[in-house]
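Undergrad: Compute the structure for the input listed below.
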Amino acid sequence: MSSIPAGNVSAEDLAGPPSRGSYVTVATCNLNQWALDFDGNAKRTLRSCVEARDVHGASYRLGPELELCGYGCEDHFLESDTFAHCWESLAWLLDAGATDGLLCDFGMPVLHGGARYNCRVLVRDRRVLLVRPKTALADGGNYREGRYFTAYVRPEPGGPAETVSPPGHLPAFAGAGPVPFGLQFLACADGTTVGCESCEELWTPRATHIDMALAGVEIIGNGSGSHHELRKLHTRIDLMRSATRKCGGVYLYANQRGCDGGRLYYDGCAVVVCNGEVLAQAPQFSVDDVEVISATVDLDDVRSYRASIPSFGRQAARGAARHYISVAPTPPTPDAAAAGGTAPPCDRVPSLPIELAVHSPEEECCMGPACWMWDYLRRSGASGFFLPLSGGADSSATAAIVYVMCTMVHAAAHRDPDGAVAVECRRICHRADADAGRWVPDAPQTIAAAIFHTCYMGTTNSSEATRSRAQRLGAAIGAYHLAIGIDPMVDAAVAVFGAACGRIPRFSSRGGTTAEDLALQNIQARLRMVVAYLLAQLLPWVRKASGFLLVVASANVDEGLRGYMTKYDCSSADLNPIGSISKMDLARMLRFVADRYELPVLTEIADAPPTAELRPQEEGDADGEHSQKDEDDMGMTYEELGVFGALRKVHRCGPVSMFRRLRHTWAALGADEVAAKVKRFFYYYSVNRHKMCVITPSYHAEGYSPDDNRFDLRPFVYNTRWTRQFAAIDRLVAKRKTPDDAQESAGPGDPESASKRTKTSP
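TA: A predicted model of the protein is given here:
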């Protein structure tokens, strides 16, 4: 056991005045930080500290990972400025009294010994107690921490203790001297112990909290930068409950929340867990920037719980390394004494376990992107959104998400008319001076009318059914809606081609070739993108307002995976809230929003068969519905695409391993048919992969997203014949055949034969 004296926190300071047992009130938070917004991040951090101490009566406050600079700085972590500005922010927080009478665990990057580290910095009463570097970096999926940081490795036993010196030119650190740097924890005079780990360390096989628990650490804080992914929250919470159920202890989790400048939405849900039970939980989705939760725990319960587990005692007795910082009493600073902040002893009541609140996938699909879009809107400086609204499921789902955003902003503005959300709402709606600066919207539709613009861009190939749905949905949610025809533009483009080449293309139903048919479909789609940007730039001027509109795309993850989209059509925009959500989840979300928010037209849209409406309608089309159907064009169903996508990305299957799995999963189908489906998928996935290189920035929600820019890193020029892989599948099929059905199958086995049925682009 080794100790390093710190000399500035007493046991009584941490646990509060002695009362019933060894009670301590701890706090954690969700913070909506923004990459490189050092001033804004520092102010939100300060607010969380003040709330934790003065409102919740906490003596310990935990913040998210890299909270002072924002988690998503990415290659800005390679710049020395980022590290210098974080020390400036920390100095500002100390001068502002954030740590007076409060042990604070901040997240920030630290440069030490020529290496960059992702660190926790523990501070109390304006003095830095410990800088604790992260030992396991997140490098999977969307994470690239190994690109920016070094994973810390504990020095050899017996070596000198490491220290780091805060920048002495900042007055807040003048005369502070070296600070312990490493994997120590804090130990108070009464035996109370506090340690910390960071995000990925919770997920590793040899999680750091295990050694801390065996070394006697009772309170463990995990500052995290964990982004939203559908159906992920349970896994995260289960890890924390399992950790404390197995080892005992108090486990606090803090998280970033919001869009901090990229495709990810950090989904908050700060929690306090004790001995396997959740004591406090913050919301997962919200438009509020700062949310603090707290719980009061009796540390005797932790000690008793651990002592009741014989196996825990035996492993702890074997001598887990105890590298702690001894905390000795010192008088509080005058400002700390004035701040007070600890709840009176008579008010300390242990927190009881609560039921964990988990949203349904349908709620996640609409609430997560809604919050992401609010952050994107207010931080971009835009005046609103523009959406090409086709009346189909995808664009209608996007419109529904914007409406959910409006309902959340409306509710937050009414809860606190002077709060940050209300102020931003007044600014974006151009009502900053209305009602003496205290205007709040009377309904979500009032917000939508000011910021949300939609347009149905029809052609002679469009149906009356989709036109009607788009109009009714726009009216129901309060959007500024237009309906226009773009046939003159299409005709003009075709005429220009005819003048240049001396030939006029025809649809296949009119005697044209596949190339002609696809070109005529694609020119309609691409012209809609041109019109969308024209309207987005000029509609504020038309409405006698200032600013610009963000163009919103509405292509789902399955279409991106299959490449069933026209390059540079309405899938090209400024942002896409559904680009990582499957068609099946979107359909369920539409029905959920229809019921929750009383929008029956969404049920009608969800029930309608998906259609691109880019070919001429056939005579006899029933009920005004178009005969062109997406699944017919693609040669596969959306449900099948979801299966292919999960196997390709989540389960890391190539063509052969995918076939091996699906021949059992789809046992009702013959091996030939399964092989044909797998081959068809991989052909179209590879031939259209180039489209993912220019995909609109999309909200990340699904584990099998094909987003090439940050998440799904693959080639975009493939050998689309997959010769070795498809030959291996053919051999496996042949082994399963009987003499009676030994004839080779055709059709989908030659994927190019299906190209006549697909919407694609060169």
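Undergrad: Just give the nearest non-adjacent residue to the residue nearest to the spatial centre of the chain, would you?
TA: Centroid-nearest residue in the chain, with Cα atoms, centre = their mean: residue 265, separated by 2.7 Å. Leaving aside its chain neighbours, residue 265 sits nearest to residue 372 (4.2 Å; criterion: Cβ to Cβ, 6 or more residues apart in numbering). No exception for glycine: its C-beta is placed from N, CA and C like everyone else's.
Undergrad: Would you list the phi and psi of residue 153?
TA: Reported as degrees, to the nearest 10, the phi and psi values for residue 153 are phi -120, psi 130.
Undergrad: what number of residues lie near the residue nearest to it when sequence neighbours are not counted?
TA: Leaving aside its chain neighbours, residue 153 sits nearest to residue 135 (7.4 Å; criterion: Cβ to Cβ, 6+ apart). Per other Cβ atoms under 10 Å, the neighbour tally for residue 135 reads 19.
Undergrad: from what I can see residue 135 touches residue 149, true?
TA: No: counting by Cβ atoms under 8 Å, residue 135 stays clear of residue 149, with 10.8 Å between them.
Undergrad: those helices in the stretch 401-550 of the chain, which residues are they?
TA: Assigned by DSSP state H, counting those that start in this stretch, the helices in the stretch 401-550 of the chain fall at 420-428, 444-451, 464-477, 487-501, 514-542.
Undergrad: Counting by contacts, list what the last one packs against.
TA: Helix 514-542 is packed against strand 384-388, strand 452-458, strand 480-485, helix 487-501, strand 549-551, with contacts defined by 3 or more Cβ pairs under 8 Å, 6 or more residues apart in numbering; DSSP states H and E.
Undergrad: deepest of these, which one?
TA: Of all the helices and strands packed on helix 514-542, strand 384-388 has the most neighbours on average by mean count of other Cβ atoms under 10 Å, namely a mean of 27.
Undergrad: Just the CA atoms from it would do, formatted as CSV, please.
TA: Provided in CSV are the C-alpha atoms of strand 384-388 (Å, rounded to 0.1, in the frame of the first residue of the first chain):
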residue,chain,number,x,y,z
GLY,A,384,-35.0,26.9,-39.9
PHE,A,385,-35.3,23.7,-42.0
PHE,A,386,-36.4,23.0,-45.6
LEU,A,387,-37.6,19.5,-46.4
PRO,A,388,-38.7,18.1,-49.8
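Undergrad: From the contact counts, what lies against that strand?
TA: Counting by 3+ Cβ pairs under 8 Å, 6+ apart, strand 384-388 packs on helix 361-380, helix 393-415, helix 444-451, strand 452-458, helix 514-542, strand 549-551.
Undergrad: Show me the one of these that comes nearest residue 252.
TA: Of all these, the one in closest proximity to residue 252, counting by Cβ to Cβ, is helix 361-380 (22.9 Å).
Undergrad: helices or strands next to the closest one in the packing?
TA: Looks like helix 361-380 contacts strand 250-258, strand 384-388, helix 393-415, helix 420-428, strand 549-551, helix 583-596 (3+ Cβ pairs under 8 Å, 6+ apart).
Undergrad: Give me the mean pLDDT for the third one.
TA: This predicted structure assigns helix 393-415 an average pLDDT of 97.
Undergrad: Please identify the buried residues of it?
TA: Going by neighbour count (16 or more other Cβ atoms under 10 Å), the buried part of helix 393-415 is 393-410, 412-413.
Undergrad: Does anything pack onto that helix? Which helices or strands?
TA: Using 3+ Cβ pairs under 8 Å, 6+ apart: helix 393-415 touches helix 361-380, strand 384-388, helix 420-428, helix 444-451, strand 452-458, helix 464-477, helix 583-596, helix 601-607.
Undergrad: if we can go back for a sec, now do the contacts for the residue nearest to residue 265.
TA: 258-259, 265, 577, 699 (Cβ atoms under 8 Å, 6 or more residues apart in numbering).
Undergrad: One more: residue 710?
TA: Residue 710 neighbours (Cβ under 8 Å, 6+ apart): 142, 262-263.
Undergrad: For the residue nearest to residue 153, give its distance to residue 208.
TA: 6 Å (Cβ to Cβ, to the nearest Å).
Undergrad: Over to residue 46?
TA: 28 Å.
Undergrad: More neighbours: those two, which one.
TA: Neighbour totals were compared for residue 46 and residue 208, and residue 208 leads with 22 against 17 (other Cβ under 10 Å).
Undergrad: Thought residue 133 was touching the more buried one, still the case?
TA: No: using Cβ under 8 Å, residue 208 makes no contact with residue 133, being 11.2 Å away.
Undergrad: Which neighbours do these two have in common?
TA: residue 183.
Undergrad: end-to-end on stretch 218-238?
TA: 19 Å (Cα to Cα, to the nearest Å).
Undergrad: Can you point out the buried residues in it?
TA: Neighbour counts over stretch 218-238 (16+ other Cβ under 10 Å) mark 218-230, 233, 236-237 as buried.
Undergrad: and those, which two are the farthest apart?
TA: 218 and 230, at 34.7 Å, using Cβ to Cβ across the buried residues of stretch 218-238.
Undergrad: which residues of this protein score low on pLDDT?
TA: For the chain, the stretches with pLDDT under 70 are 1-21, 157-159, 190, 319-321, 327-347, 619-627, 738-762.
Undergrad: Can you tell me, leaving aside adjacent residues, what's nearest to residue 87?
TA: residue 167 (5.1 Å).
Undergrad: My error: substitute residue 519 in the last question.
TA: residue 505 (5.5 Å).
Undergrad: how deep is the one you found tucked in, by neighbour count?
TA: 18.
Undergrad: cool, residue 132 as well?
TA: 26.
Undergrad: helix, strand or coil for it?
TA: strand (DSSP: H, G, I helix; E, B strand; the rest coil).
Undergrad: That one and residue 716: what is the separation?
TA: Going from residue 132 to residue 716 by Cβ to Cβ gives 42 Å.
Undergrad: what helices or strands is the helix or strand containing residue 26 leaning on?
TA: For residue 26, the enclosing helix or strand under DSSP states H and E is strand 23-31. Applying 3+ Cβ pairs under 8 Å, 6+ apart, we find strand 23-31 packed against helix 11-15, helix 38-50, strand 60-62, strand 219-224, strand 250-258, strand 271-274, strand 290-298.
Undergrad: coming back round to it: now the common contact residues for residue 135 and residue 208.
TA: Residues touching both residue 135 and residue 208 (Cβ under 8 Å, 6+ apart): 183, 201.
Undergrad: circling back to that earlier point, counting neighbours, which of the contacts of residue 710 comes out on top?
TA: residue 263 (24 neighbours).
Undergrad: Can you name the residues that contact the nearest residue to residue 45 once chain neighbours are set aside?
TA: Excluding the flanking residues, the one nearest residue 45 by Cβ to Cβ, 6+ apart is residue 67, at 5.7 Å. Applying Cβ under 8 Å, 6+ apart to residue 67 gives the contacts 31, 33, 41, 45, 106-108, 223, 256.
Undergrad: Mind picking the one among those residues that's closest to residue 648?
TA: Once Cβ to Cβ is applied, the member of these that ends up nearest residue 648 is residue 256, at 29.3 Å.
Undergrad: What separation is there between that closest one and residue 376?
TA: 15 Å.
Undergrad: and the two? which has more neighbours close in?
TA: The neighbour count for residue 256 versus residue 376, taken as other Cβ under 10 Å, is higher for residue 256 (31 against 24).
Undergrad: for that one, what are its contacts?
TA: Applying Cβ under 8 Å, 6+ apart, we find residue 256 in contact with 30-33, 64-65, 67, 70-71, 224-226, 266, 268.
Undergrad: so what's it bridging to?
TA: residue 31 (DSSP bridges).
Undergrad: returning to that earlier point: reformat the contacts of residue 256 as a markdown table; add distance to residue 246.
TA: Formatted as a markdown table, the contacts of residue 256 follow (distance: Cβ to Cβ, whole Å):
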| residue | distance to residue 246 |
| --- | --- |
| 30 | 26 |
| 31 | 29 |
| 32 | 33 |
| 33 | 32 |
| 64 | 25 |
| 65 | 24 |
| 67 | 29 |
| 70 | 33 |
| 71 | 28 |
| 224 | 20 |
| 225 | 25 |
| 226 | 21 |
| 266 | 27 |
| 268 | 25 |
